[in-house]
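Q: using only what follows, build the 3D model:
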Amino acid sequence: MKETLEERLGHARYEYDMARGCIVELKNEQLQFQWNVLLAAFAVYWRNCQKFLNGDDDQESIKAKNYIARFKASSARHLEGEINDLHHHVLHLSGKRTSDDEKKLALDDAVKLMEWLEANMREFASQLGEPYKSLWRPSGPVGASGQTGPTTGSTGRAAPPQSTNHVWSAGERLPSGITHTTHSTHVSFVSTRNSGEKDG
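A: All right, here's what the predicted structure looks like:
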């Protein structure tokens, strides 16, 4: 049985809340593997939300215009570089992927993308009429601060490590800015790099 527009709106809100949750966690110190997973998850949720706001060509896809006929998201042209990085370095095994830290998607880039998403989702919510308006509420993902429906406010230290295709092994020489701690039989690695450094 096909879902109603009311039910499908909940899916859009979930994608939005998960993107917000990923940003909260990315701003906190993370293990290398956790950082990579969070960045990849953020990219997927953000792209889904972008397609929702802009209107996907797929007739089966839910879109903002299903709820607000004349809704139009603001231009993201100023974020073209960040969006291209997101596509090339996270969402695709593209030949345009790079090992150059300066050209990878950084936390600062993800925050800029999230700011665009936040502004447009707020505008979407402000235009919603009933019965949809009362259904547009946090779906419940919890960030590091323990919040339900986390926001993009600063919640901790930024920690983007190296690249998404590198897993440090025990005994491997670590580059500057990466430290490790050993717990019983396993080794975990924590990045101490700043938010301007790249990943992807």
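
Q: relative to residue 52, how far out is residue 119?
A: Distance, residue 119 to residue 52, by CB to CB, to the nearest Å: 14 Å. Bear in mind the C-beta positions are built from the backbone N, C-alpha and C, glycine included.

Q: my error: substitute residue 30 in the last question.
A: When distance is defined by CB to CB, residue 30 is 27 Å away from residue 52.

Q: same question, residue 65
A: 10 Å.

Q: looking at these two, which is more packed in?
A: Counted by other CB atoms under 10 Å, residue 65 and residue 52 do not tie: residue 52 has more neighbours, with 26 against 14.

Q: now for the more buried one: which residues touch it?
A: Residues counted as contacts of residue 52 (CB atoms under 8 Å, 6 or more residues apart in numbering) are 12, 15, 61, 62, 63, 64.

Q: can you tell me how far the nearest residue to residue 83 once chain neighbours are set aside sits from residue 128?
A: The shortest distance from residue 83 to any non-neighbouring residue, by CB to CB, 6 or more residues apart in numbering, is to residue 76 (6.6 Å). The gap separating residue 76 from residue 128 is 21 Å, by CB to CB.

Q: and residue 38, by the same measure?
A: Noted for residue 38: a distance of 29 Å to residue 128, by CB to CB.

Q: ok, those two, which is more surrounded?
A: A direct count of neighbours by other CB under 10 Å for residue 38 and residue 128 places residue 38 higher, at 21 against 17.

Q: pull out the buried residues from the helix or strand that one falls within.
A: Secondary structure assignment for residue 38, by DSSP states H and E: helix 32-54. Going by neighbour count (16 or more other CB atoms under 10 Å), the buried part of helix 32-54 is 32, 34-36, 38-53.

Q: what's the next helix or strand after it packed up against?
A: For helix 32-54, the following helix or strand on the C-terminal side (DSSP H and E) is helix 80-86. Contacting helix 80-86 under the criterion 3 or more CB pairs under 8 Å, 6 or more residues apart in numbering; DSSP states H and E are the following elements: helix 32-54, strand 105-106, helix 107-127.

Q: please save the CA atoms from the last one in CSV.
A: Only the C-alpha atoms of helix 107-127 are listed here, as CSV (Å, rounded to 0.1, in the frame of the first residue of the first chain):
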residue,chain,number,x,y,z
LEU,A,107,34.4,20.0,8.4
ASP,A,108,34.2,23.7,7.5
ASP,A,109,32.8,22.7,4.1
ALA,A,110,30.2,20.4,5.6
VAL,A,111,29.1,23.2,8.0
LYS,A,112,28.6,25.6,5.1
LEU,A,113,26.4,22.9,3.4
MET,A,114,24.4,22.4,6.6
GLU,A,115,23.8,26.2,6.9
TRP,A,116,22.3,26.2,3.5
LEU,A,117,20.1,23.2,4.4
GLU,A,118,19.0,24.7,7.7
ALA,A,119,18.0,28.0,6.1
ASN,A,120,15.9,26.3,3.4
MET,A,121,14.3,23.7,5.7
ARG,A,122,13.3,26.6,8.1
GLU,A,123,11.7,28.3,5.1
PHE,A,124,10.0,25.1,4.0
ALA,A,125,8.6,24.6,7.6
SER,A,126,7.4,28.2,7.8
GLN,A,127,5.3,27.8,4.6
